[in-house]
Structures are given as C-alpha cells and as structure tokens.
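**Q** My questions concern the predicted model and sequence given below.
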Amino acid sequence: MSEHVTEMTAHRVNYVCDSCGEGFMRPTNAVLMSDPPQYPHRCSSCDTPKTFRVLYPRIEYRPAKCEATNDQASSQEAKPYPPR
Ligand SMILES: [Zn+2]
C-alpha cells in the first residue's frame, strides 16, 4: 500500500439564530447527557437558547476540487466520499 493524499478545504459551519437572524448560536459549554448527547447553545446577539445534537460552529472538510477539471470530476461531485 502507498499513501494517498487528497487536498481538502475546511469549511466553518455556523448556525444563524432563528429568532433574530443576526447572531450565531454559540455553545454554553454544557452537555445534556441524553442519548444521543445534546449541546445547549445561546445566540451571540439576543441570547435565545437552542439545543442541538451537534456543536456549532463546526468544521467540515470537503474535497478541494469543487470545479470540474475533467469530465469524470463532475459525476463524482455529489459524492462526499469515494465509493470504496
Ligand atoms: Zn438571536
């Protein structure tokens, strides 16, 4: 086996407040030990609480080659992981 290197770009995913539409939801550093665990957040602008199953902001990695450089790239664009 040999190493296979794929360039990925990092995307920060924020959750915009449902109440004011201006602030971002930020974790309160508390965890609800439910199954699955949940994470209370508060709006950075209006302080509205909301609980998620994920933490925001979070980082998602996506393949760096978003634009089709050859005709095979466009057909693989929708799949986040290679089929192997
Ligand atoms: Zn808000």
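**A** Arrived safely. Residues are numbered from 1 along each chain as shown.
**Q** how about the residues of the chain near the ion?
**A** Applying Cβ under 5 Å from the ion, one finds that the chain approaches the ion through 17, 19-20, 23, 43, 45-46, 48. (Each C-beta comes from the backbone N, C-alpha and C, glycine too.)
**Q** what about the spatially closest residue to Pro63 that is not a sequence neighbour, distance to Pro57?
**A** Nearest in space to Pro63, with sequence neighbours left out and distances taken as Cβ to Cβ, 6 or more residues apart in numbering, is Met8 at 6.1 Å. Per Cβ to Cβ, to the nearest Å, Met8 is found 17 Å from Pro57.
**Q** Verify the contact between Arg12 and Pro57 for me.
**A** Yes. Contact between Arg12 and Pro57 holds when scored by Cβ atoms under 8 Å: they sit 5.1 Å apart.
**Q** Which one's more surrounded, those two?
**A** Between Arg12 and Pro57, counted using other Cβ atoms under 10 Å, Pro57 has the larger neighbour count: 13 against 9.
**Q** burial of the closest residue to that one other than its chain neighbours, as a residue count?
**A** Nearest residue to Pro57, sequence neighbours excluded (Cβ to Cβ, 6+ apart): Asn14, at 4.7 Å. Neighbour count of Asn14, defined by other Cβ under 10 Å: 12.
**Q** again with the one 5 residues further on
**A** Here the number of neighbours of Ser19 (other Cβ under 10 Å) works out to 13.
**Q** from what I can see it touches Cys43, true?
**A** Yes. At 6.5 Å, Ser19 counts as touching Cys43 under the criterion of Cβ under 8 Å.
**Q** just to revisit the earlier point, please report the distance of the residue nearest to Pro57 from the ion.
**A** Noted for Asn14: a distance of 12 Å to the ion, by Cβ to the ion, to the nearest Å.
**Q** any idea of the pLDDT on that residue?
**A** Asn14 carries a pLDDT value of 97.
**Q** mind starting the numbering at 555 from now?
**A** Fine by me, first position is 555 from now on; the one you just mentioned is Asn568.
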